[in-house]
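> Prediction below, plus the sequence it came from.
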Amino acid sequence: MGSFHLTKMALRNLVSKPATRLYPLEPPVYTSMTKGHVVNDIDTCILCSICERKCPATALTVDKPNRTWTINPFSCVQCSTCVRICPTKSLRMEPDYTASAVSMQSLTMTKPSEEPSEEPQS
Amino acid sequence: MAKRTIIPFGPQHPVLPEPVHLDLVIEDERVIEAIPQVGFIHRGLEKLVEKRDYQTFVNVTERICGICSFGHSLGYSQTIEILMDVEIPPRAEVLRVIWHELSRVHSHLLWLGLLADAFGFENLFMQCWRLRERVLDIFERTTGGRVILSACNVGGVNQDIANEDLRGIVHVLDGMRDEYGELLKTFLYDRSVKSRLSGVGYLSTQQARELCIVGPFARASALSEDIRCFGYGGYGYLSNFEPVTAEEGDGYARCKVRALEVVQSIDIIKELVDVIPDGELSVKVKGSPKAGSRAVSRLEQPRGECFYYAKGNGTRYLERFRIRTPTAQSIAGMVHTLQGCDLADVPLNILTIDPCISCTER
């Protein structure tokens, strides 16, 4: 029994640096593992739709005829399932969070159509 | 005879981290009866099992609750593994236990902070949560998430922790242990803490057994019940496990049990890091649960024993998934401790059972 057991720690806190960060004024620190947002390298994407089928939040839409890959960042729960199952490793998880937005818009990426070979065939 | 009055308590109240409503029947300043009512945060997550296949549903289970997040994904995964007769690699088993014990440290530190806040010890509250941040930082470094980890799947784990990183985690926890020792001394021996908690919300061993109380609430009433004793999963690698118990059965005993369990969890992690086997992280689970197959499993969550049930129907979607959470049991004990207590002790009585209403209602 006794009192003031925490005095030493309280006094130590007066001289130690803050445990929290003044976030908007100081930049946040991300680890290499932090799940921020999903990025698709559309050039290597084969539009196979596996990510769309596996997404637990149904945040992804793949339109093969129109060659588009769409993500709704407001539905995405950053579970990394799509990143793990992507057969071509086109999807990756970036550590930083996306900036605030004023409207809930989806992000659509269009895969450039394969141009016919211009080399003359011999 | 004094006139009886009913005071509605909650679902929004400063002491309640989650919504639960109580009708307190009082006479003067004494509570005669407490009638609980839950159902304010029901989200129908068990029903969602019909819409998400059994491998995707693990992402839903870990969103049942923010504090028991990893425990629920672990409980669900081990139930499906029993259902489909899958044996997971030993390294995955141990990694699961390490994350689960870290979750227990963070859950108990959060609760100790809330308790300190409830009896007005602001400094102690902030110190507890400051230490808890370090556990969240470990989560972020090892899994990428601070609260929702997405580290567990059916068949193993998604991420590895390198052996050097595991030693780094032990180093951080050892640093925490020294600082936590000062907090522990305050919780256990400070005169103001002890006088506020001693004798509040007494529950005898007999009553705890009759009401089927689980977890630290039961262990504080000298009921030595802990599912970890059975050595399921990675707990089988421990040389010895003794649950922390206390004899007093009051609020102080519940505080003591949880405060000492933090140290126990740190010891468990340290022991497992020394014996963790190398090898695969996950096995590929193919096919669907057979029609009519059923499985149950139990898990020691930070709040006590949690029970999981799953039933397959031959498709990739389960027929039924059910969780019986520790708070569902503890509410009965809470109502019992509230009978006859002072109105001023009601917030402490509710808090000392560590209610997790999100888990209970799902």
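Alright, I've got the coordinates. Numbering: from 1, shown residues only, chains lettered A, B, ... in the order given.
> can you pull out the helices in chain A?
A:7-15, A:50-54, A:81-85 (DSSP state H).
> Please list the residues of chain A that sit near chain B.
A:1-3, A:5-6, A:8-10, A:19, A:31, A:33-35, A:54, A:56-57, A:77-81, A:84, A:93, A:95 (Cβ under 8 Å from any Cβ of the partner chain). For glycine as for every other residue, the C-beta is placed from the backbone atoms N, C-alpha and C.
> Those residues in strands, which ones?
If you go by DSSP state E, the residues of chain A next to chain B have A:Met93 in strands.
> of the residues of chain A next to chain B, buried ones?
A:5-6, A:9, A:33-35, A:54, A:56-57, A:77-81, A:84, A:93, A:95 (16 or more other Cβ atoms under 10 Å in any protein chain shown).
> what residue ranges in the chain are flagged as low confidence?
Chain wasn't specified; assuming chain A. A:115-122 (pLDDT under 70).
> You answered for a different chain; I wanted chain B.
B:1.
> Next to chain A, which bits of it? Give me the list.
Counting by Cβ under 8 Å from any Cβ, chain B sits next to chain A at B:52, B:56-57, B:59-60, B:63, B:123-124, B:127, B:130, B:133, B:140-145, B:148, B:150, B:158-159, B:179, B:182-183, B:185-186, B:189-192, B:194.
> residue closest to the middle of the chain?
Picking chain A for this. A:His37 (1.2 Å; Cα atoms, centre = their mean).
> nope, chain B
B:Pro302 (2.4 Å).
> Contacts only, for that residue.
Shown in contact with B:Pro302 (Cβ atoms under 8 Å, 6 or more residues apart in numbering or on different chains): B:67-68, B:71, B:103-104, B:107-108, B:111, B:215, B:354.
> And it, how far from B:Ser103?
7 Å (Cβ to Cβ, to the nearest Å).
> Overlap of the contact sets of those two?
B:67-68, B:71.
> which among those end up buried?
B:67-68, B:71.
> Take the residues you listed and lay them out in JSON lines including distance to B:Leu203 and secondary structure.
Listed next are those as JSON lines, based on distance: Cβ to Cβ, whole Å; DSSP: H, G, I helix; E, B strand; the rest coil:
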{"residue": "B:Ile67", "distance to B:Leu203": "23", "secondary structure": "coil"}
{"residue": "B:Cys68", "distance to B:Leu203": "22", "secondary structure": "coil"}
{"residue": "B:Gly71", "distance to B:Leu203": "24", "secondary structure": "helix"}
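> From the residues you listed, pick the one nearest B:Ile331.
Nearest to B:Ile331 among those, counting by Cβ to Cβ, is B:Cys68 at 15.9 Å.
> my read: the closest one touches B:Ile357, true?
No - the pair B:Cys68 / B:Ile357 is not scored as a contact, 11.7 Å apart, by Cβ atoms under 8 Å.
> Identify the residue spatially nearest to B:Phe139, adjacent ones excluded.
B:Arg146 (5.5 Å; Cβ to Cβ, 6 or more residues apart in numbering or on different chains).
> Helix or strand: which one has the one you found?
Following DSSP states H and E, there is no helix or strand that holds B:Arg146.
> What is the neighbour count of it?
Neighbours of B:Arg146 under the rule other Cβ atoms under 10 Å in any protein chain shown: 16.
> need the contact list for it.
B:136-137, B:139-140.
> can I get these in a markdown table with neighbour count and distance to B:Arg96?
Shown next, in a markdown table, are the contacts of B:Arg146 (neighbours: other Cβ atoms under 10 Å in any protein chain shown; distance: Cβ to Cβ, whole Å):
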| residue | neighbour count | distance to B:Arg96 |
| --- | --- | --- |
| B:Leu136 | 16 | 18 |
| B:Asp137 | 14 | 20 |
| B:Phe139 | 23 | 14 |
| B:Glu140 | 20 | 18 |
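> residues touching residue 48, list them.
This is for chain A. Here A:Cys48 is in contact with A:62, A:87-88 (Cβ under 8 Å, 6+ apart).
> I was thinking of chain B, sorry if that wasn't clear
B:57, B:60.
> Looks to me like it is in a helix.
Yes - checked against DSSP: H, G, I helix; E, B strand; the rest coil, B:Leu48 lies within a helix.
> Spatially, which residue comes closest to B:Glu140, not counting chain neighbours?
B:Arg146 (5.0 Å).
> B:Asp190 too?
A:His5 (5.2 Å).
> Check B:Pro17 too.
Nearest non-adjacent residue to B:Pro17 (Cβ to Cβ, 6+ apart): B:Leu114, at 6.5 Å.
> How about B:Ser198?
Using Cβ to Cβ, 6+ apart, the closest residue to B:Ser198 is B:Tyr252 (4.7 Å).
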